[in-house]
Every structure is written in C-alpha cells, then in structure tokens.
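J.: return atomic coordinates for the entry below.
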Amino acid sequence: MLNKAPDQANILREYAGTMIRETSKVHSNLGQQIVITTEDKIRICLMIHLARMEKHRGWTTPLGIFLTLLVVFPTTTFQSWLNIPAETWQAVLILSCVLSFIWLCISAWGARTKPSIDNVIFELKKSSLTETEGNGAN
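T.: Residues are numbered from 1 along each chain as shown. Down below sits the predicted model:
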C-alpha cells in the first residue's frame, strides 16, 4: 500500500507532462548579438559615458549662478566697501553676470545631445570591430 501512492504520483506527473507537451506551444526569440571585451575597455567606455552624462547636466550650475546674479543686480544698492568704490562693485557684478551667461551658453551647447545606453553599446561594439578589422579577421 505504501508503494501505490508514489506510483500514482509518478503516473500523474507523466500524464501532466504529456498534456503540457501536447497542448503547449513554445515560441523562441533567442537571436542575440554577443560582445566580448575586456574589463579595462568596459571601464574606459563607462568613464567616457559618465563624463558625457555629467556634461549633459552641466548647465544647471551656471544657470543658478546667472539667475542669482541677475536677481541681485536690480535689488542692490551699491556702496563703497573696503575702500573700493560702489561703481567698481557694480562693474564686478555686471562682469560676473556676463561671464556666468557665457558659461551657461557654452554648457548648454555642450549638453544638446543626451547620452544613452545605446551609445555605450555602440562604443563597445565599435572598439571590437576596429580590433578585428585591424587583425584581418572577419
């Protein structure tokens, strides 16, 4: 009687497996591109990508400085301080405002394209393609 329970369980498993195989459809989409590279090349590629990402967000600092200086200018009454005339302080603020605006323009120009994961993958593939072409392999 103890042997009948495991036999029934095995029969049930086999029947279930047969039913699953007969009624199930399997679809596969396993086509992949494989990139084989070294750790140092991945590290370099990621460091370059990280620098691009930081450059993409680099316009926020000059914008904050420019807006702060822009708000300070009309709300400030310039006075002489440390034996420096008020007109000099005003000129320093105007020059700082102009320089921060130039910095903002340069940063915004450099951030016009957003880096993506596809760029990293392309760079890894590109470096492997140039190596295999350089070795004469196809």
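
J.: hey, which helix is longest across this structure?
T.: Using DSSP state H, we find that the single longest helix of the chain is helix 86-110.

J.: any idea how far that one is from the chain center?
T.: In terms of CA atoms, centre = their mean, to the nearest Å, the centre of helix 86-110 is found 30 Å from the chain centre.

J.: what average pLDDT does that helix get?
T.: Per-residue pLDDT values across helix 86-110 average out to 88.

J.: who's in contact with it?
T.: Counting contacts by CB atoms under 8 Å, 6 or more residues apart in numbering, the residues outside helix 86-110 that touch it are 55, 58-59, 61-63, 65-66, 69-70, 72-73, 76, 78-81. For every residue, glycine as well, the C-beta is placed using N, CA and C.

J.: R21 versus E14, what's the distance?
T.: For E14, the distance to R21 (CB to CB, to the nearest Å) stands at 11 Å.

J.: oops, could you answer that again for S96 instead?
T.: S96 sits at a distance of 76 Å from R21 (criterion: CB to CB).

J.: between the two, which is the more surrounded one?
T.: It is S96, of S96 and R21, that has more neighbours when counted by other CB atoms under 10 Å, with 16 against 9.

J.: what separation do you get for the more buried one and W59?
T.: S96 sits 17 Å away from W59 when distances are taken as CB to CB.

J.: same thing with V72?
T.: Applying CB to CB to V72 and W59 gives a distance of 20 Å.

J.: show me which of the two is the more surrounded one.
T.: W59 (19 against 12).

J.: quick check: which ranges of the protein have low pLDDT?
T.: The chain contains residues with pLDDT under 70 at 1-6, 27, 127-138.

J.: please redo it, this time with the cut-off set to 80
T.: Counting by pLDDT under 80, the chain shows low-confidence ranges at 1-6, 24-37, 54-56, 73, 80-81, 110-116, 126-138.

J.: what segments of the chain are helices?
T.: Remark: helices of the chain, listed N- to C-terminal, are 4-23, 39-56, 60-75, 86-110, 117-134; assignment by DSSP H.

J.: tell me the buried residues in the fourth one?
T.: Meaning helix 86-110. The neighbour-count check on helix 86-110 (16 or more other CB atoms under 10 Å) flags W89, L93, S96, C97, S100, F101, W103, L104, S107 as buried.
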